[in-house]
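Chemist: Return atomic coordinates for the entry below.
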Amino acid sequence: MNKNYRKKSHEHGFTLIELMIVIAIIGILIGAATLGWRAAVKSGNEAATLQAMKTIATVQIQYYNSHNRNFGTFEQLTKDGFDSRFASNAPVVDGYVYTLKVNAKTSATPPTYTLNADPQQAEGLGATGTNHFYLDNTGGEIHVNGTQPAGANDPLPGG
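Modeler: You can find the predicted model right below:
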């Protein structure tokens, strides 16, 4: 009986509890990395969206100056050579859904446009961004709202 006991005490390896602890630690690390990755993707989507909105504002000014003082829809802008990712009515670019509303000028009113960018809801992952953005032709400043589609009365980022 002493021989069997000695033989077991000299064997090397992991116990079941040690293996379970290692697996639990690996799971925690994977969970933390996944949360960090999602936060980085959301942040990247928002930065890309802000840049895209600034670009759209610039393209709208160019379109306005070359097309009889009217603003263009996404379809019109892409026909003039703007980014083809915006060719549809409500394009989804970098995890955001863009909505552009253009009102042509009349004898009584000047032309206007409003642009909203809202996070896309990805199946199983939730929203692809945190904030909602708004831009119009009046000030050229991008407004932000963290809970609902943004509008002209919402604050500026960092404001």
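Chemist: Give me the pLDDT for the residue lying closest to residue 142 once chain neighbours are set aside.
Modeler: Spatial nearest neighbour of residue 142, chain neighbours left out: residue 135 (5.0 Å); criterion: C-beta to C-beta, 6 or more residues apart in numbering. In this view, the C-beta of every residue, glycine as well, is placed from N, C-alpha and C. The model reports residue 135 with a pLDDT of 96.
Chemist: Could you report the separation of residue 135 from residue 21?
Modeler: 52 Å (C-beta to C-beta, to the nearest Å).
Chemist: Looking at those two, which one has more neighbours?
Modeler: Shown here are residue 135 and residue 21; by other C-beta atoms under 10 Å, residue 135 has more neighbours (24 against 12).
Chemist: Tell me if that one really is in a strand.
Modeler: Yes. Read with DSSP: H, G, I helix; E, B strand; the rest coil, residue 135 is one of the residues of a strand.
Chemist: Kindly state the beta-bridge partners for it.
Modeler: In this entry, residue 135 is beta-bridged to residue 115, by DSSP bridges.
Chemist: ok, it - contacts?
Modeler: 53, 56-57, 114-115, 141-143 (C-beta atoms under 8 Å, 6 or more residues apart in numbering).
Chemist: Spatially, which two of those are the most separated?
Modeler: Spanning the widest gap among the contacts of residue 135 are 56 and 143, at 14.4 Å by C-beta to C-beta.
Chemist: can you pull out the strands in this protein?
Modeler: Assigned strands in the chain, in chain order: 92-93, 96-103, 112-119, 121-122, 126-127, 132-136, 143-145 (criterion: DSSP state E).
Chemist: Which strands or helices does the fifth one pack on?
Modeler: For strand 126-127, not one helix or strand is in contact under the criterion 3 or more C-beta pairs under 8 Å, 6 or more residues apart in numbering; DSSP states H and E.
Chemist: Can you give the distance from it to the centre of its chain?
Modeler: What separates the centre of strand 126-127 from the centre of its chain is 10 Å, taken as C-alpha atoms, centre = their mean, to the nearest Å.
Chemist: can you check the first one too?
Modeler: Centroid separation for strand 92-93 versus its chain: 9 Å, with C-alpha atoms, centre = their mean.
Chemist: neighbouring strands for that strand, and are they parallel or not?
Modeler: When DSSP bridges is applied, strand 92-93 pairs with strand 96-103 (antiparallel).
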